[in-house]
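# this one's sequence-less:
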């Protein structure tokens, strides 16, 4: 009968007793089973393994393990003491301040530079002095085309609103049948008056001959001459009536009084109109002007010939030239009107009736400017960064003015000869170390030229 390993009573072995007497740790003491010499592999089975080492070998292994742990700990402490603290994380997407970027370098002071920068000086530039104004766009002059005949029916309307016309182009035709008849009648009356005149003139000449021979009295002669003069006046009257009839006939065709564009139409086909009834409105020469309203002080700075630029309701631009300045101000609003002639080729979107705002260029003023990349906004203030003597930057508040392209006008806060950080200022704070490199000579001048 085979005995199971769990049923074997393990006696106290000499190996365990020897380890206790020597007070040395043993890593291989096994309890709860028989000694290797007390049973065979068949007794334990194929899934049981017992290890056995001598006390001297286990002690050496323990000491080697302890020494390795101590060496590793010392090395870790030494490494952590000599490693500098990690820098602050870079902004997402900003490759200019990452550690792997060549722009990060060590400044002469020995501190780790945050950014490689270049210094620039302000650029002299002439700023346009402008006046902001607003007003309506209107026609330069608007002609009213009216009827000059009475009781005639409109037989043809040749144009409509928006059509461009030239001087003399036909706009409307009236039915001219009655006018043709009136002209023919007046011509007949002229022929009759001319015949009567010839008869009266012949009688007057005969009366003069008879008077010389005393065949007729002086009174008969005077009557003959008077009848000839009356016939002459009747002929002239008939000719005048003929001219009036011919003029009325011409009025049956209404033509454009000037070049321009039709802005309004009230003529209707078949309508019977009277004299003075409006038929069309025409913007003369298709010229528009901007009537800008300005204050009295601003009006004194405006002179004819100055340039103007205005913004239309759709956002497009229109340009023009000051044509005239109002000689008086409005008594109620205390504003004056500046009449700006718009360039039709440069302002195709302008229409009469629009309300637009814009600027009047009243002169130039010398100043200096910086690229927009050199100016940053911090806590509601605009700032630039200048270099201190220890290769660190210092922020300075400035006051800016107008913008022209990529340039920003500097009003106060720095001198025109002072150099500041040209780009990358948004990533700097006061006291940050930097590495300065030479900037291209044409950097600021190129920006000013582009603006």
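Structure's in. What do you need? Since this is a predicted model, take the numbers as computed values, not measurements. Numbering: from 1, shown residues only.
# tell me where the stretch 201-350 of the chain has strands.
253-255, 260-265, 272-273, 278-284, 288-295, 307-311, 317-325, 335-342 (DSSP state E, counting those that start in this stretch).
# spatially nearest residue to residue 368 (excluding sequence neighbours)?
Closest residue to residue 368 apart from its sequence neighbours, by Cβ to Cβ, 6 or more residues apart in numbering: residue 122 at 3.9 Å. In this view, the C-beta of every residue, glycine as well, is placed from N, C-alpha and C.
# neighbours around residue 177, how many?
12 (other Cβ atoms under 10 Å).
# for residue 342, that is, sorry about that
Using other Cβ under 10 Å: residue 342 sits among 22 other residues.
# and it, bridged to which residues?
For residue 342, the beta-bridge partners are residue 320 (DSSP bridges).
# so which of the strands of the stretch 201-350 of the chain is nearest residue 138?
For the strands of the stretch 201-350 of the chain, the distance to residue 138 is smallest for strand 288-295, at 5.9 Å, taking Cβ to Cβ.
# can you list the strands that the closest one pairs with?
Applying DSSP bridges, one finds strand 288-295 paired with strand 123-139 (antiparallel), strand 335-342 (antiparallel).
# which residues sit in contact with the closest residue to residue 190 other than its chain neighbours?
Distances taken as Cβ to Cβ, 6+ apart place residue 238 nearest to residue 190, at 4.2 Å, with adjacent residues excluded. Residue 238 makes contacts with 186, 189, 190, 192, 193, 194, as judged by Cβ atoms under 8 Å, 6 or more residues apart in numbering.
# make it 7 Å
186, 189, 190, 193 (Cβ atoms under 7 Å, 6 or more residues apart in numbering).
# before we move on, the earlier item: could I get the strands paired with strand 288-295 as a markdown table with distance to residue 299?
Formatted as a markdown table, the strands paired with strand 288-295 follow (distance: least, Cβ to Cβ, whole Å):
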| stretch | distance to residue 299 |
| --- | --- |
| strand 123-139 | 9 |
| strand 335-342 | 4 |
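# ranking these by burial, who's on top?
strand 335-342 (a mean of 22; mean count of other Cβ atoms under 10 Å).
# residues contacting residue 309?
317, 319, 358, 359.
# okay, now the closest residue in space to residue 201 that isn't next to it in sequence: neighbour count?
Among residues not flanking residue 201 along the chain, residue 228 sits closest, at 4.8 Å (Cβ to Cβ, 6+ apart). Neighbour count of residue 228, defined by other Cβ under 10 Å: 20.
# thought residue 228 was touching residue 204?
Yes - assessed by Cβ atoms under 7 Å, residue 228 is found in contact with residue 204 at 4.0 Å.
# about what we covered before: most neighbours among the contacts of residue 309, which one is it?
residue 358 (22 neighbours).
# ok, it - contacts?
Taking Cβ under 7 Å, 6+ apart as the test, what residue 358 contacts is 133, 308, 309, 310, 311.
# quick one: neighbours of the last one, just the number.
What that stands for is residue 311. 14.
# got a pLDDT number for the nearest residue in space to residue 419 that is not next to it in sequence?
Spatial nearest neighbour of residue 419, chain neighbours left out: residue 119 (4.2 Å); criterion: Cβ to Cβ, 6+ apart. Looking at residue 119, its pLDDT is 87.
# that's a helix at residue 119, yeah?
No - under DSSP: H, G, I helix; E, B strand; the rest coil, residue 119 sits outside any helix and is assigned strand.
# report the beta-bridge partners for it.
Under the criterion used here (DSSP bridges), residue 119 is bridged to residue 421.
# and the one 10 residues further on, by the same measure?
Beta-bridge partners for residue 129, by DSSP bridges, are residue 363.
# what residues are up against it?
362, 363, 364, 365.
# ranking by neighbours, what's the top pick from those residues?
Ranking those using other Cβ under 10 Å puts residue 362 first, with 19 neighbours.
# now it, nearest residue through space, not along the chain?
Nearest non-adjacent residue to residue 362 (Cβ to Cβ, 6+ apart): residue 301, at 4.5 Å.
# re the thing from before, name the nearest of the contacts of residue 238 relative to residue 291.
Taking the contacts of residue 238 together and measuring to residue 291 by Cβ to Cβ, the closest member is residue 186, at 49.4 Å.
# give me the number of residues near residue 199?
Around residue 199 there are 12 residues (other Cβ under 10 Å).
# let me redo that: residue 288
23.
# list the beta-bridge partners for it.
Beta-bridge partners, per DSSP bridges, of residue 288: residue 139.
# now do the contacts for it.
Here residue 288 is in contact with 137, 139, 140, 342, 350, 352 (Cβ under 7 Å, 6+ apart).
# any chance of the contacts of residue 238 in TSV, plus distance to residue 331, neighbour count and pLDDT?
Shown next, in TSV, are the contacts of residue 238 (distance: Cβ to Cβ, whole Å; neighbours: other Cβ atoms under 10 Å; pLDDT from 0 to 100):
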residue	distance to residue 331	neighbour count	pLDDT
186	55	19	93
189	59	18	93
190	59	20	93
193	61	20	92
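# mind checking which of these are in helices?
Counting by DSSP state H, those place 186, 189, 190, 193 in helices.
# between the residues you listed, which is nearest residue 281?
residue 186 (34.2 Å).
# so the closest one makes contact with residue 241?
Yes - at 4.9 Å, residue 186 and residue 241 qualify as touching, with contact defined as Cβ under 7 Å.
# centre of the chain to stretch 345-359, how far?
15 Å (Cα atoms, centre = their mean, to the nearest Å).
# my bad, should have said stretch 236-255
58 Å.
# go through that stretch and flag the buried ones.
238, 241, 242, 245, 248, 249, 251, 252, 254 (16 or more other Cβ atoms under 10 Å).
# which element is the residue nearest to residue 257 when sequence neighbours are not counted on?
With sequence-adjacent residues excluded and distances taken as Cβ to Cβ, 6+ apart, residue 257 is closest to residue 143, at 5.5 Å. Secondary structure assignment for residue 143, by DSSP states H and E: strand 142-146.
# and the angle for that strand with strand 260-265?
60 degrees (axes from the mean of the first three to the mean of the last three Cα atoms, to 10 degrees).
# what sits against residue 291?
135, 136, 138, 337, 339.
# residue 293 now?
By Cβ under 7 Å, 6+ apart, residue 293 lies in contact with 133, 134, 135, 335, 337.
# now for the residues you listed, which pair is the farthest apart?
Top of the distance list for these (Cβ to Cβ): 134 and 337, 11.8 Å.
# who does the helix or strand harbouring residue 400 pair up with?
Here residue 400, judged by DSSP H and E, is contained in strand 399-404. If you go by DSSP bridges, strand 399-404 pairs up with strand 407-412 (antiparallel).
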